[in-house]
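A.B. asks: turn this into a model:
(2 chains)
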Amino acid sequence: MTRVVSPLPAPARLVKRKKRGGIIGETSGDHVGRSGLQAFFGALPFITPSFVGVTLFLVIPVIALFVISLLNYNLLSPATVAGFENYANIFRFDDAAHSLGVTVYYVLLNIPLQTIVALAMAVILNSKRRGMGIYRVLFVAPYLSTPVATAVIWYWVFDPKLGVVNALLSDVGITGPQWLSSSHWAMPVVAAVNIWQYVGYNMLFFLAGLQAIPKQLYEAAALDGAGPFKQFFRISLPLLNSTMLFVLVTGVIGSFQVFDTLYVLTQGGPGNSTEVLNLKVYQVAFVDFRLGEAAAMSVLLFGVILIFSIGQFLFFKNRTTYEYSA
Amino acid sequence: MTSRALGARAAATVRAVSAPRTGLSTGGRAVRIGLLYLILTVIALVFMVPYLLTLFAALKPIGQIFSEPAWVPPKSLYLSNFRYDFVSGDFLRYLANTALVTVALTLGQVIFSIMGAYAFARLHFPGRDKIFWLYLLTLMVPNAVTIIPLYTMMRMAHLLNTYWAIFLPYVLGAPYTIFLMRQFFRNIPQEVIDAARIDGCSEWRILARIIVPLSKPVIVTATLIAFVFGWNNFLWPLIVTNSQSHYVLTIGLANFQSNMNSQWNYSLAASVITLFPLGVIFAVFQRHIIRSISITQIR
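C.D. replies: Take a look at the predicted model:
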């Protein structure tokens, strides 16, 4: 297939996007003149496996979660109705408020820094110079690495006695802290490890977004006397709006569910200083076998994730979205 | 004056005007480019050094790990740590378990997602859009939230401590993958499909012979997502397995780490074992992987 390239650059125009085409979009025309029933049975074999999967492993579990959260359920004796007692108990006895606070603290340590670094890296890699592809590949490698395995590695790197970090610090005359055994440093270390793991992945989306911005816009801005910083804040950043939303929402959802890294690095300690909600859910459910309370905590986690996601959608919806059209 | 000369003069003027704006002589430019590569190389080191040091440590006896700095390369190819992990540490079994479960998960998820996406993209049937909305709604369900109900289901079905339990919840297709594939399948020209129908092709044949070959990028993406997810999965196998015979690598590694406390030679070698297959896949498919990740964004 050949692509016809217009010899003249099309005039650049920024069009305010009014409304997104629905996510489903218009239907493509296919079978004409088939009865509904016949079509239904024709499609049945295609749709059945995934429909069973979605229903059995996603829809029913969500409903079941709410039901379990209203039960006294310990796997040994038959479940009894507890009503909303579990919700009260997780705050009274399991310090769910503390876990919620720790989780939010982790998200705040993680997301802003990760997003800014990812964006900066994308801007640097967006320059059309030799060798950028190699750097891009290297930055993405941690994203595909097994979190449990990289956590073991970082545990060693941050080991107060044997670790590379403190060895380097002592070379310049600084006595490094106890890192993961210090309630002050443990969470920042965990956040740093997760930033290391995911920043390259987010960088890719920003890079794709930057590369989709037409060069003419920058050329026009340069002619009008806009420097690189002005160009970034007035052109790149507004045009990355939808990328930003995607990166932030997926990042926040993922951060709220952090588990693997923490399980290896801190187990919630020292004390309970890194005991995030997902870790607490695991302990209450599968160490204490109090599934009712754990389910109530899961509902809490679900609710918080939803609130944060909706909040971000509303924030970005109120900002103007631009779309380039030629 | 010829038009060419005019053009040259205009170009010269533009250069003269734009040069002060960038404000950099050739020397300054070189410094700037040098700085760019320096920054990138420092970042790249931060990204790669942990892997390199781990490989070094995995190839050293414990005495050397304690006595010399981590950045000193191993003097000889010392493989005892790996031998210990595979034989005494049971990592050969964990590796086989992980491979089995991950391959099953990947094959099922990709095939069933292709089938579902085809129906949503290319077939008309009553209730189609309603069902698709249900799939999209489930995208909002965080993984962590379904763990407890899924565990009780597996327990009731007497599937705890089986390979089935580890991959069953993910093997019948993933809504996210179906969504991505559907977008891709919808862009295949209708004429191609109509021509095949006129030639008497069944829907299955159209899917296998036309749609799938034309959709390689999105299928590779889906395969990678499923494989990496399956290989790295930790919380779910941790909950549904409690006997060593069914452990996957992540579980074996986490247990190893807490039992072996400061025997870093063994646990770092175990990390290398866990990461090595992913590293091979990454090295082989790197270009494809980069492209795949970029197309997973829902806009």
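A.B. asks: just give me the neighbour total for A:Leu169.
C.D. replies: Burial measure for A:Leu169: 14 neighbouring residues, criterion other C-beta atoms under 10 Å in any protein chain shown. Just so you know, the C-beta spots here come from the backbone N, C-alpha and C atoms, and that holds for glycine as well.
A.B. asks: next up, the contacts around it.
C.D. replies: Residues touching A:Leu169, when contacts are defined by C-beta atoms under 8 Å, 6 or more residues apart in numbering or on different chains, comprise A:Thr175, A:Gly176.
A.B. asks: could you find the closest non-adjacent residue to the residue in chain A that chain B sits nearest to?
C.D. replies: Chain B sits closest to A:Gly53 of chain A, with a gap of 2.7 Å, by C-beta to the nearest C-beta. In space, A:Gly53 comes closest to B:Leu172 once its chain neighbours are excluded; the distance is 2.7 Å by C-beta to C-beta, 6 or more residues apart in numbering or on different chains.
A.B. asks: how many neighbours does the closest residue in space to B:Asn232 that isn't next to it in sequence have?
C.D. replies: Taking C-beta to C-beta, 6+ apart as the measure, B:Asn232 lies nearest to A:Thr146, with 4.5 Å between them; neighbours along the chain are not counted. A count of nearby residues for A:Thr146, using other C-beta under 10 Å, gives 23.
A.B. asks: again, but for the one 5 residues further on
C.D. replies: Burial measure for A:Ala151: 27 neighbouring residues, criterion other C-beta under 10 Å.
A.B. asks: so where's the stretch 1-150 of chain B uncertain?
C.D. replies: Scanning the stretch 1-150 of chain B for pLDDT under 70 picks out the ranges B:1-26.
A.B. asks: in it, which spans are helices?
C.D. replies: Across the stretch 1-150 of chain B, reading from the start of the chain, the helices by DSSP state H, counting those that start in this stretch fall at B:3-22, B:26-58, B:62-67, B:80-87, B:91-122, B:128-138, B:143-156.
A.B. asks: and residue 188, how many neighbours?
C.D. replies: All of this refers to chain A. When counting by other C-beta under 10 Å, one arrives at 15 neighbours for A:Pro188.
A.B. asks: wait, I meant chain B there
C.D. replies: Other residues near B:Ile188 number 16, with proximity taken as other C-beta under 10 Å.
A.B. asks: repeat that for B:Phe234.
C.D. replies: In terms of burial, B:Phe234 registers 22 neighbours under the definition other C-beta under 10 Å.
A.B. asks: what about it, distance to A:Gln211?
C.D. replies: 34 Å (C-beta to C-beta, to the nearest Å).
A.B. asks: got it, and B:Phe282?
C.D. replies: B:Phe282 sits at a distance of 22 Å from A:Gln211 (criterion: C-beta to C-beta).
A.B. asks: tell me which of these two has more neighbours.
C.D. replies: The residue with more neighbours, out of B:Phe282 and A:Gln211 and counting by other C-beta under 10 Å, is B:Phe282; that gives 19 against 12.
A.B. asks: in a strand, that's where the more buried one is, yeah?
C.D. replies: No. B:Phe282: not assigned to a strand; according to DSSP: H, G, I helix; E, B strand; the rest coil it is helix.
A.B. asks: ok, and the closest non-adjacent residue to it?
C.D. replies: Closest to B:Phe282 by C-beta to C-beta, 6+ apart is A:Leu144, at 5.8 Å.
A.B. asks: what about the residue lying closest to A:Thr175 once chain neighbours are set aside, which helix or strand?
C.D. replies: When the adjacent residues along the chain are set aside, A:Thr175 lies closest to A:Leu169, with 7.3 Å between them (C-beta to C-beta, 6+ apart). Assigned by DSSP states H and E, A:Leu169 belongs to helix A:164-171.
A.B. asks: quick one: average confidence on stretch A:217-235?
C.D. replies: Stretch A:217-235 shows an average pLDDT of 89 in the prediction.
A.B. asks: end-to-end on that stretch?
C.D. replies: Taking C-alpha to C-alpha, to the nearest Å as the measure, stretch A:217-235 stretches 8 Å from start to finish.
A.B. asks: spatially central residue in chain A, please.
C.D. replies: Ranked by distance to the mean C-alpha position of chain A (C-alpha atoms, centre = their mean), the top residue is A:Gly251 at 2.0 Å.
A.B. asks: could you check the pLDDT of that residue?
C.D. replies: In this prediction A:Gly251 is given a pLDDT of 93.
A.B. asks: show me what contacts residue 224?
C.D. replies: As the question left the chain open, I've gone with chain A. Under the criterion of C-beta under 8 Å, 6+ apart, A:Asp224 has no neighbours.
A.B. asks: um, chain B though
C.D. replies: For B:Leu224, the contacting residues are B:Ile281, B:Phe285, B:His288, B:Ile289, B:Ser292, by C-beta under 8 Å, 6+ apart.
A.B. asks: tell me which helix or strand it sits in.
C.D. replies: Counting by DSSP H and E, the element that carries B:Leu224 is helix B:216-232.
A.B. asks: does the helix or strand following that helix reach chain A?
C.D. replies: Helices and strands here follow DSSP H and E; after helix B:216-232, the next one along the chain is helix B:235-240. Yes. Judged by C-beta under 8 Å from any C-beta of the partner chain, helix B:235-240 comes into contact with chain A through B:Leu235, B:Leu238, B:Ile239.
A.B. asks: what about the residue lying closest to the second one once chain neighbours are set aside, which SS state?
C.D. replies: So the one you mean is B:Leu238. Leaving out its chain neighbours, the residue that sits closest to B:Leu238 by C-beta to C-beta, 6+ apart is B:Ile251, at 5.7 Å. The local conformation at B:Ile251, judged by three-state DSSP, is helix.
A.B. asks: near B:Ile251, how many other residues are there?
C.D. replies: Using other C-beta under 10 Å, B:Ile251 is surrounded by 22 other residues.
A.B. asks: that one contacts B:Trp236, correct?
C.D. replies: No. Under the criterion of C-beta atoms under 8 Å, B:Ile251 lies out of contact with B:Trp236, with a separation of 10.2 Å.
A.B. asks: and B:Ala157, what's its pLDDT?
C.D. replies: pLDDT, B:Ala157: 94.
A.B. asks: which ones are touching the residue nearest to A:Gly53?
C.D. replies: Residues A:Pro49, A:Ser50, A:Val52, A:Gly53, A:Val54, A:Leu56, A:Phe57, B:Gly108, B:Gln109, B:Phe112 are the ones in contact with B:Leu172 under the rule C-beta under 8 Å, 6+ apart.
A.B. asks: list phi and psi for the fifth one.
C.D. replies: For A:Val54, the backbone dihedrals (degrees, to the nearest 10) come out as phi -60, psi -40.
A.B. asks: burial measure for it, as a count.
C.D. replies: By the measure other C-beta under 10 Å, the count of residues near A:Val54 is 23.
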